[in-house]
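Participant: Provide a 3D model corresponding to the input given below.
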Amino acid sequence: MTIIKKLKQQVEKEIRILVVDDETHVVSALKRILIDEPFQVDYFSDSLEAMKVIERQHYALVISDNKMPNMTGIELLTGVKSISAYTSRILLTGQTESAEAIEAFNNKVIHCYIDKPWNNADLLLQINNALNSYRYFRLKQLVDDLKKKSIETKTIQQSELQLELNQVQSQLELSKYLNTTESIQFSEKNRELSVLILESSKDVGNLLLAALKKAGANNCKIYDNSSSALDYLSGCSSIDVIISEWEDKTNTGESFLKSVKALPNLVRQPVFIAQLFSDNTNFIEAAQDAGADDCIVKPLKMDNLINKIETQVDYHQSQQSKSPLPDLSGYNVLIVNNDISVINRLSKILAREGITNIKVVKSGIAAITQMRSEHLSILFYDSKIMDPQWIDLQSQLIIKKIKLNNFIMFVTGSDGSEGFYRTSVDANPIEFLTEPYTHRRLISSLMTIFPKDQSKNSEQ
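Facilitator: Residues are numbered from 1 along each chain as shown. Coordinates of the predicted model:
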């Protein structure tokens, strides 16, 4: 049994609910609703007595009425939060107490509030959501404590624990999506997408399959190994989307992707979404360099995944009608950046397109000087560099009599500083390229701004 499974069992044993309401008929109603649930429930009609118990007994969830003598529900749940921040808190309110409940929610005193009289199914849904939230945060707390105590296994075991924790959180996120009535769906045009899932964790895979079907993608297949997935793909003519693990020991995403691309029967290449366990820029760039269309970092969140799938499907469809990128081998490029890793990254991508004349400077002032001595085709400027003379680029170009025919400027950085630069170079195309820098993203940006009849720069 893995460490995470042991800790999950510990968390399940700790699941205990406290219900506080001074009205006996309300308590009776809650008892009828919760009688068949697999966890212990304690009931109190006195909020002061309940508070004394809370101080010595740990609860996963506290459900409290608001209007009670001695202490209101909001006051009680404020005390619960101060004692155990991970304990989920639900407030039962009357119709006249909505303003107080909203304020308590906005102040993060409560996780949700339910008006009386409630709908039983909705109440149970909110309780399950609250317990799922508690399960994740309590599990994370136990893992963090284990990491601190396990100094001798700091490097290997921590990594394994984090991977397992990401899988557990993926299960909770997907369960939350499945249990939410109002959730993001695929747009109407993408409701019939065919999706193949490669996921070694059966728990995560089955939840992801159910979530995709709920979102509208009814034609889904799931496999826990790449061999079976390839056998299926070998027998079909097309698949719209593949969602595949990238770093799993048994399913190497890169080799699987290469095998998919080599299949002769597929009439078009599917959108390939790589599942990563880290948001490290190097990992994302490596996956996209290998051919992945996009990456999603676990734990899986359906709104993020659906947006990525729709973006990439739309991109694939738009590329089918576009003209190919013109020959760039004669273009002159200047990179303005202080980060050698970024410089090497951009240079490597440009070299793949045949661009060899690449100059590098570290400041905007140096860039303007360089632009006076050599005609440029493309400039990559790091938005984090804010030289005084560079702030108003357009006026500097006029003052220094720099002509920029067919000049393209890429603003690079983590945010692009879009608002600032859009007014700087009105006469020339400008594009905002944020990290991570990948070949596909750069070429896609170039294709959006090149005229269709653009000829080779060296011939202009």
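Participant: Neighbours of Gln317, how many?
Facilitator: Other residues within reach of Gln317, judged by other Cβ atoms under 10 Å, total 10. In short, each C-beta sits where N, CA and C put it, glycine included.
Participant: Return the distance of it relative to Leu230.
Facilitator: Distance of Gln317 to Leu230, computed by Cβ to Cβ, to the nearest Å: 25 Å.
Participant: for Ile243, same thing?
Facilitator: When distance is defined by Cβ to Cβ, Ile243 is 15 Å away from Leu230.
Participant: likewise Asn107?
Facilitator: 53 Å.
Participant: In terms of packing, which of these two has more residues around it?
Facilitator: Under the criterion of other Cβ under 10 Å, the comparison of Asn107 against Leu230 puts Leu230 first, with 17 against 11.
Participant: Just the buried residues of stretch 53-69, please?
Facilitator: Using 16 or more other Cβ atoms under 10 Å as the test for burial, stretch 53-69 gives 54, 59-68.
Participant: for the record, mean pLDDT for that stretch?
Facilitator: Across stretch 53-69, the average pLDDT comes to 92.
Participant: can you pull the contacts of Lys202?
Facilitator: Residues counted as contacts of Lys202 (Cβ atoms under 8 Å, 6 or more residues apart in numbering) are Asp224.
Participant: quick one, phi psi at it?
Facilitator: Here is the backbone geometry of Lys202 (degrees, to the nearest 10): phi -60, psi -40.
Participant: now the end-to-end length of stretch 14-28.
Facilitator: The straight-line separation of the ends of stretch 14-28 (Cα to Cα, to the nearest Å) is 24 Å.
Participant: Report the buried residues of it.
Facilitator: By 16+ other Cβ under 10 Å, the buried positions in stretch 14-28 come out as 15, 17-22, 26-27.
Participant: Same check on stretch 337-347?
Facilitator: 337, 342-343, 345-347.
Participant: who does the lengthiest helix in the chain touch, helix- and strand-wise?
Facilitator: For the chain, the longest helix by residue count, based on DSSP state H, is helix 120-149. Under the contact definition 3 or more Cβ pairs under 8 Å, 6 or more residues apart in numbering; DSSP states H and E, helix 120-149 sits against helix 3-14, helix 24-34, strand 61-65, strand 88-93, strand 112-115, helix 156-179.
Participant: quick one: average pLDDT of the last one?
Facilitator: Confidence for helix 156-179, expressed as mean pLDDT, is 75.
Participant: The next helix or strand along the chain from that helix pairs with which strands?
Facilitator: The helix or strand immediately downstream of helix 156-179 is strand 194-198, counting by DSSP states H and E. Applying DSSP bridges, strand 194-198 is found paired with strand 219-223 (parallel), strand 241-245 (parallel).
Participant: any chance of those in JSON lines, with distance to Leu376 and mean pLDDT too?
Facilitator: Below are the strands paired with strand 194-198 laid out as JSON lines (distance: least, Cβ to Cβ, whole Å; pLDDT from 0 to 100):
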{"stretch": "strand 219-223", "distance to Leu376": "49", "mean pLDDT": "92"}
{"stretch": "strand 241-245", "distance to Leu376": "40", "mean pLDDT": "94"}
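Participant: deepest of these, which one?
Facilitator: Ranked by mean neighbour count under mean count of other Cβ atoms under 10 Å, the strands paired with strand 194-198 are led by strand 241-245, which reaches a mean of 25.
Participant: Need the contact partners of stretch 276-290.
Facilitator: Contacts of stretch 276-290 (Cβ under 8 Å, 6+ apart): 162-163, 166, 246-247, 253-254, 257-258, 274, 294-298, 345, 435-441.
Participant: For it, buried residues please.
Facilitator: Here stretch 276-290 shows 276-278, 283-289 as buried, counting by 16+ other Cβ under 10 Å.
Participant: hang on, the earlier thing: check the contacts of stretch 276-290 for burial and list the buried ones.
Facilitator: Here, 16+ other Cβ under 10 Å leaves 163, 166, 246-247, 253-254, 257, 274, 294-298, 345, 435-439, 441 buried among those.
Participant: how far is stretch 208-219 from where the chain is centred?
Facilitator: Distance of stretch 208-219 from the chain centroid (Cα atoms, centre = their mean, to the nearest Å) equals 18 Å.
Participant: what sits up against that stretch?
Facilitator: Contacts to stretch 208-219, defined as Cβ under 8 Å, 6+ apart, come from residues 170, 174, 177-178, 183-186, 190-195, 197, 199, 220, 222, 241, 243, 300, 302, 306.
Participant: Please repeat the previous calculation with a cut-off of 6 Å.
Facilitator: For stretch 208-219, the external contacting residues (Cβ atoms under 6 Å, 6 or more residues apart in numbering) are 174, 177-178, 185-186, 191, 193-195, 197, 220, 222, 302, 306.
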